[in-house]
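Trainee: structure of the sequence below:
(chains A and B)
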Amino acid sequence: MSDDVAIVGIGMHPFGRHEGVSGMEQGAAAIRTACADANVEWADLEFAFGGSVAAGNPDSMVSQMGLTGLQFINVVNGCATGGSALISAYNTIKSGAFDIGLAIGFDKHERGAFRVNTGKSGERDWYGGSGMALTTQFFGMKINRYMEEYGITQDALARVSAKAFRNGSLNENAWRRQALSEKEVLQSAMLSYPLTQYMFCSPGEGGVALILARADKAHKYTKNPIFLKSAVVRSRRYGSFEVLAPSLALDYADGPTVDASQKAFEAAGVGPEDIDVAQLQDTESGAEIMHMAENGFCEHGEQEAMLANGETEITGRLPVNTDGGCLANGEPVGASGLRQVYENVLQLRGDAGKRQVPNNPKVAYTHVYGAPGISGVTILST
Amino acid sequence: MAELSINENVMDLTPEGPRLKGMRCKSCNNHVFPMQKGCPKCTSADVEEVHLGTKGTLWAWTIQGFPPKAPPYLGETDPAKFKPYGVGYVELPGELKVESRLTVSDPTALNIGMEMELVGEKIGKDEEGNDLITFAFAPV
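Mentor: Now for the predicted structure:
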């Protein structure tokens, strides 16, 4: 395994709703915390990749951070926006172009389900106009079919949500910090059958900054560098079942999660059995279940027993979404994938406090999935 | 006032009912809805517009339980008056799976594999007060 790129500083602005604080200000706060963590100044950063979908052009934040002339490139890539900023920073350091730089993601979305406008100019928006074009519908349809195919129950969906809010209650940066029982989850409003209100995450706000450096210089900045073993983004192939698709092929192909996961394991030289903690995209509780299998952590259908046995709890065999995931943190799209990496850095440093995974975890995994059929995976190690 | 297609680029209203306008690839016979100018399967640009089939089987489904945001939604958005509606993918043999509203919104009345057919459904009105018709699939 090569140890080319290290994460030497991390910073996060709490997720949730922050009246009067712009998305970009949340991003700037995250950067200041990350700089302090790495013992560097903003002026030391040689480059930045910034991701935001709904909160302005990230590069304009230089006006509040400092006009140092650094290379700053904006990244917008659907739900993999944060992950794409990270992979861009990773490749930039691997290429030898720069020694130290930043991946920053932030966002601030309106309340309620994502508003997706699919109209072309000069035409009536028939897709959204007809009441489709909702990401929530895709997740409902996919898990509904999956449950029938592989024998997953509504109890399993409720277990995932209850775990998320329980873990979120241990996370001072989470949005939803009140634990909920399985019964409360099942009895909340049915939003998109079979998924209830507390089985869905909500669009939200927040910012995360990661400072990356050449691995051979990492000890200049931190006693605990965490190494980025691989970072992969993949788009969909013909035949996969994706969000916001007015039609699907008759053929079937695995989704981009499977492709990104396989490539990330291969590039890192490890397998699913080596992972000590995983953050998996949980746009809704069914997504976490399906993504456990799509990322190679189990066979389809095994999730029912794994959840019943508590195997994905913080103290379980494979802790999943230890910070409460999207369910407890909400999804500010530009920051969401970076939040997962932030959590894994805390876990691998042993700094995760009340939600620390026991026995010194050494290898950690993140996965995002989203519109329009895109997935990003990272593997970190101590 | 007249009944108009929600968008004539994606659906014709014919005397026999609504007809969806899709793409057929002349080189590999792949279908896509709505019409587009290149084939995502074989990458050919030699494609034509065709009316898709009107009968198929339900492949996946859910029920929209809350009012979508307007815009873009043209239907009822008042939570007090909103009625849940089904959404699903219907597999049209030899062509594709098309995403559609379903006329049924009772989860106990929907099953993967059930036979469905295309119908028109009033969704809203245009600026002149004409009824806008979109497409839905109904159990046969």
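Trainee: residues in contact with the most centrally placed residue in chain B?
Mentor: Centroid-nearest residue in chain B: B:Ser100, 3.8 Å away (criterion: Cα atoms, centre = their mean). Listed by Cβ atoms under 8 Å, 6 or more residues apart in numbering or on different chains, the contact set of B:Ser100 reads A:Met132, B:Val87, B:Gly88, B:Tyr89, B:Val90, B:Leu118, B:Phe135, B:Ala136, B:Phe137. From N, CA and C alone the C-beta is placed, and that goes for glycine too.
Trainee: show the pLDDT at the residue lying closest to A:Gly129 once chain neighbours are set aside.
Mentor: Closest residue to A:Gly129 apart from its sequence neighbours, by Cβ to Cβ, 6 or more residues apart in numbering or on different chains: B:Leu74 at 4.2 Å. Note on B:Leu74: pLDDT of 96.
Trainee: please report phi then psi for B:Leu74.
Mentor: Note on B:Leu74: its backbone torsions stand at phi -100, psi -10 [degrees, to the nearest 10].
Trainee: tell me the SS of A:Arg339?
Mentor: helix (DSSP: H, G, I helix; E, B strand; the rest coil).
Trainee: picking that back up, tell me the spacing between the residue nearest to A:Gly129 and B:Glu121.
Mentor: Computed as Cβ to Cβ, to the nearest Å, the B:Leu74 to B:Glu121 distance reads 11 Å.
Trainee: ok, back up a step: quickly find the element holding the closest residue to the residue nearest to the centre of chain B other than its chain neighbours.
Mentor: Distance criterion Cβ to Cβ, 6+ apart; nearest residue to B:Ser100, sequence neighbours excluded, is B:Phe137 at 4.9 Å. Per DSSP states H and E: B:Phe137 is located in strand B:131-139.
Trainee: name the strands paired with that strand and say parallel or antiparallel.
Mentor: strand B:3-5 (parallel), strand B:96-102 (parallel), strand B:115-125 (antiparallel) (DSSP bridges).
Trainee: show residues contacting the shortest one.
Mentor: In this case it means strand B:3-5. With contacts defined as Cβ under 8 Å, 6+ apart, strand B:3-5 is touched by B:Met11, B:Asp12, B:Leu13, B:Pro18, B:Gly120, B:Lys122, B:Asp126, B:Asn130, B:Asp131, B:Leu132, B:Ile133.
Trainee: go with 6 Å
Mentor: For strand B:3-5, the external contacting residues (Cβ atoms under 6 Å, 6 or more residues apart in numbering or on different chains) are B:Met11, B:Leu13, B:Asn130, B:Asp131, B:Leu132, B:Ile133.
Trainee: repeat for stretch A:130-144
Mentor: Under the criterion Cβ under 6 Å, 6+ apart, residues A:113-114, A:116, A:118, A:127, A:192-195, A:243, A:283-284, A:286, B:60, B:62, B:68, B:73, B:75, B:87, B:99, B:123, B:134 lie in contact with stretch A:130-144.
Trainee: out of the residues you listed, which are buried?
Mentor: Taking 16 or more other Cβ atoms under 10 Å in any protein chain shown as the criterion, what is buried in the contacts of stretch A:130-144 is A:113-114, A:116, A:127, A:192-195, A:243, A:283-284, A:286, B:60, B:62, B:68, B:73, B:75, B:87, B:99, B:123, B:134.
Trainee: element containing A:Phe165, please.
Mentor: Using DSSP H and E, A:Phe165 sits within helix A:154-168.
Trainee: mind listing what's buried along that helix?
Mentor: Result for helix A:154-168 [16+ other Cβ under 10 Å]: buried residues A:154, A:156-168.
Trainee: and for residue 54, the neighbour number?
Mentor: Defaulting to chain A. Per other Cβ atoms under 10 Å in any protein chain shown, the neighbour tally for A:Ala54 reads 17.
Trainee: wrong one, chain B
Mentor: 18.
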